[in-house]
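Enquirer: Next come a sequence and a model predicted from it.
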Amino acid sequence: RKEVEQDPGPFNVPEGATVAFNCTYSNSASQSFFWYRQDCRKEPKLLMSVYSSGNEDGRFTAQLNRASQYISLLIRDSKLSDSATYLCVVNDPGRRALTFGSGTRLQVQP
Amino acid sequence: EAGVAQSPRYKIIEKRQSVAFWCNPISGHATLYWYQQILGQGPKLLIQFQNNGVVDDSQLPKDRFSAERLKGVDSTLKIQPAKLEDSAVYLCASSLDRGEPQHFGDGTRLSIL
């Protein structure tokens, strides 16, 4: 089983739609979780951290479910500029390093 | 705040040649990472430095890859000799401390002919 698993997509949605991505992780000891965004041929950029209580930043909401070992990202009112690959990132407490998923590609269409 | 600087942006070499990449992290960041990102995959950690010490190089192919961060600031990653499967983007990242959110440089796109 991969350490961090994501549906590669692509998710093709119209502007204004709500879209959700899930990510599962295998290490139950993981404590830190992040979503990164990566545009085509660009470097990954931190989108948001994921807290146990969930967190919201504008149109973006992240949730953590420790019991089922998954995290989610919800994007409301999708914009064309949201088109990118979204990387789920989980810490490996033993190595104190981050493990990246392969990413979920989102394409928002006019 | 200046971001993570990497050079070169692009490099094309033939297999069996050598190549080196340079990274200057964000000022004050103790932890520096080198990642390999193959097309269609997420970044894979190659090596992690805490100041000038290696804390994790478990996924570094040590027969051909080497890295150093001698003064605890900038770092170099070398591949010698290169293989076709080394074609990838090499990303450098830094963070204030281990486990903290990481900030990435633009990466070096390496093509092996």
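Expert: Okay, I see it. Numbering: from 1, shown residues only, chains lettered A, B, ... in the order given.

Enquirer: for chain A, which strand is longest?
Expert: In chain A, assigned by DSSP state E, the strand with the most residues is strand A:84-92.

Enquirer: Check what contacts it and list those residues.
Expert: Outside strand A:84-92, the residues within contact range by Cβ atoms under 8 Å, 6 or more residues apart in numbering or on different chains are A:3-4, A:6, A:21, A:23, A:25, A:27, A:30-40, A:44, A:47, A:71, A:73, A:97-106, B:42-43, B:99. Every C-beta, even on glycine, is put in place using the N, C-alpha and C of the backbone.

Enquirer: Can you tell me the strand partners of it and which way each runs?
Expert: strand A:33-38 (antiparallel), strand A:97-100 (antiparallel), strand A:104-109 (antiparallel) (DSSP bridges).

Enquirer: Which positions in the helix or strand following the first one come out as buried?
Expert: The element immediately downstream of strand A:33-38 (helix or strand, assigned by DSSP states H and E) is strand A:44-50. Of the residues in strand A:44-50, those buried under the neighbour-count criterion (16 or more other Cβ atoms under 10 Å in any protein chain shown) are A:Pro44, A:Leu47, A:Met48, A:Val50.

Enquirer: So which of those residues reach chain B?
Expert: By Cβ under 8 Å from any Cβ of the partner chain, the members of the buried residues of strand A:44-50 lying near chain B are A:Pro44.
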